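Undergrad: What follows is a predicted protein model with its sequence.
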Amino acid sequence: MMSPGFEQVKLVLSLGKLFLSCLIVLFYGSAVSAQQLPFYEFPQTNSPEQNALAAQQRAPAEPGSISGKIVDQSGANIVGAAVKLTHDNGTSARETTSDEDGLFVFSHVPPCTFHLTISSLGLASQELSGTLQSGEPYVTPLIVMIIPTQITRVHVGLPPEELATEQIKEQEKQRVFGVIPNFYVSYVPNAAPLAPKHKFELAWKSASDPITIVGVAALAGIDQAADRWGAYGQGAEGYAKRFGAAYADDFVGTMIGSALLPAVLKQDPRYFYRGKGSVTSRALYAIAVSVICKSDSGHWQPNYSQIAGGLAGAGIAQLYYPPEDRQDAVTIFRNFGIAKGSNAVENLIQEFVIPHITWTVRLPSFSRGNPSN
């Protein structure tokens, strides 16, 4: 018969074996589970941008539009420019032209990468590429077309007189706001010298321009309203006399001071835009040009043509002014000094303001127009 102490030891050993067996089973089961059970990965979440892109890709593609504006290097609208649209997806090309505001548009364009080719007579072609998204109203950057370099170089080899003829033709298209003549300004600093025929042509073009005549008519109306040259009287007859006197002043002054004397004295009647340097230097230049000018040889000298022409015009005016309105010599010289001061102010405006609002008006056959500066 076993003692109670031996029974307790046996019980403890049995319990220890049972505990050890449980540990072995647990350890083995964990190892097997680690090898056989798959690793669980948490699903990844996309960013809002990625979700939007995915939704857009799943959505049906909608056609969009491509539009833009075409101007020349001075900012003027180009009318009739040819615009060709090609798609990288192989669809057929489409063409259109710019309207009077320089605008063009292609509607119902499927989303794609596209290419635009823009061309206009006398201007260098431009190209532009982009990507049109579904339903997008794509607006191109402002398309600026310039005169190709090879065209401007054509004039280099021309004889001076032919080159001057071409330059004068361009000057005769210069108008402030596209309306008021601005023929006596050259934006080419080394412009070819003018032959006598050029000086008379330019003077006649200025004096006979319809806008000049309209301006004289308005001045005559102001003179009549103020009862200037009262001896002319009122009514239609008085207005006609005032108009004749005002137009004679302009015509005689232009022909003598800007054509006859410049041809005889070999002086250039034009204002040469400087456009560079400090504000002070440009202002001093503009004021000085009221009393100096370029000779046909390119040297600066006193503007004898304008000085003598102004005095001669004032003297000739005494022949058709009413006797009581004629001026004595002192008044003529005083008015001449005032005119020179006004001319200096006009030159300042010409140097700093007018170039930005002077448009080069083309003939209708060119299908384009406006600012040259």
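TA: Ah, there it is.

Undergrad: can we go C-alpha only for contacts and neighbour counts from here?
TA: Fine.

Undergrad: can you list the domain ranges for the protein.
TA: The chain resolves into domains spanning 52-149, 158-371 when parsed by automatic domain parsing.

Undergrad: from the chain's centre, how far out does the shortest one sit?
TA: To tie it back to what came earlier, the one meant is domain 52-149. Chain-centre distance of domain 52-149: 20 Å, with C-alpha atoms, centre = their mean, to the nearest Å.

Undergrad: And for the longest one?
TA: Its chain's average C-alpha position is 27 Å from that of domain 158-371, according to C-alpha atoms, centre = their mean.

Undergrad: So that it lines up with my notes, have the first residue be 16 from now on.
TA: All set: I'll call the first residue 16, so the last point we hit is now domain 173-386.

Undergrad: Rounded mean pLDDT for it, please.
TA: Averaged over domain 173-386, pLDDT sits at 87.

Undergrad: can you check the shortest one too?
TA: Over the span of domain 67-164, the pLDDT mean works out to 87.

Undergrad: which residues in the chain form helices?
TA: For the chain, helices defined by DSSP state H occupy the ranges 19-51, 63-73, 164-168, 175-186, 211-222, 225-240, 250-270, 276-280, 294-303, 319-332, 344-367.

Undergrad: hmm, back to that, I'd like the domains of the chain written out as JSON lines, with mean neighbour count added.
TA: Below are the domains of the chain laid out as JSON lines (neighbours: other C-alpha atoms under 10 Å):
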{"stretch": "domain 67-164", "mean neighbour count": "16"}
{"stretch": "domain 173-386", "mean neighbour count": "17"}
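
Undergrad: now Ala139: how far from Asp116?
TA: 20 Å (C-alpha to C-alpha, to the nearest Å).

Undergrad: what does Pro225 give?
TA: 26 Å.

Undergrad: same thing with Leu280?
TA: Applying C-alpha to C-alpha to Leu280 and Asp116 gives a distance of 46 Å.

Undergrad: Ok, Gly268 next?
TA: Taking C-alpha to C-alpha, one finds Gly268 at 39 Å from Asp116.

Undergrad: Next: Ile237.
TA: 36 Å.

Undergrad: What residues does Asp265 make contact with?
TA: Ala222 (C-alpha atoms under 8 Å, 6 or more residues apart in numbering).

Undergrad: Do I have it right that Lys355 meets Ala303?
TA: No. Using C-alpha atoms under 8 Å, Lys355 is not in contact with Ala303; the gap is 10.5 Å.

Undergrad: Of all residues in the protein, which one is nearest the centre?
TA: Gly90 (2.0 Å; C-alpha atoms, centre = their mean).

Undergrad: Between its first and last residues, how far does stretch 267-284 reach?
TA: Start-to-end, stretch 267-284 (C-alpha to C-alpha) is 15 Å.

Undergrad: Quick one: residues in contact with it.
TA: 199, 208-211, 214-215, 217-219, 222, 308-311, 318-325, 327-328.

Undergrad: any idea how far Glu181 is from Ala139?
TA: 20 Å.

Undergrad: so how far is the first residue of stretch 238-245 from its last?
TA: In stretch 238-245, first residue to last residue: 9 Å (C-alpha to C-alpha).

Undergrad: So what touches it?
TA: Gly248, Gln249, Gly253, Tyr254, Arg257, Tyr336, Pro337, Asp340.

Undergrad: Chain neighbours aside, what residue packs nearest to the fifth one?
TA: Right, the one you point to is Arg257. Ala235 (5.3 Å; C-alpha to C-alpha, 6 or more residues apart in numbering).

Undergrad: Pull the contacting residues for that neighbour.
TA: Tyr254, Arg257, Phe258, Ala261.

Undergrad: Verify the stated contact: the last one with Leu234.
TA: Same thing as Ala261. Yes. Between Ala261 and Leu234 a contact is recorded at 7.5 Å, counting by C-alpha under 8 Å.

Undergrad: ok, the closest residue to Tyr202 other than its chain neighbours to Thr106 distance?
TA: Closest residue in space to Tyr202, ignoring its immediate chain neighbours: Tyr288 at 5.3 Å, by C-alpha to C-alpha, 6+ apart. Relative to Thr106, Tyr288 is positioned 51 Å away (C-alpha to C-alpha).
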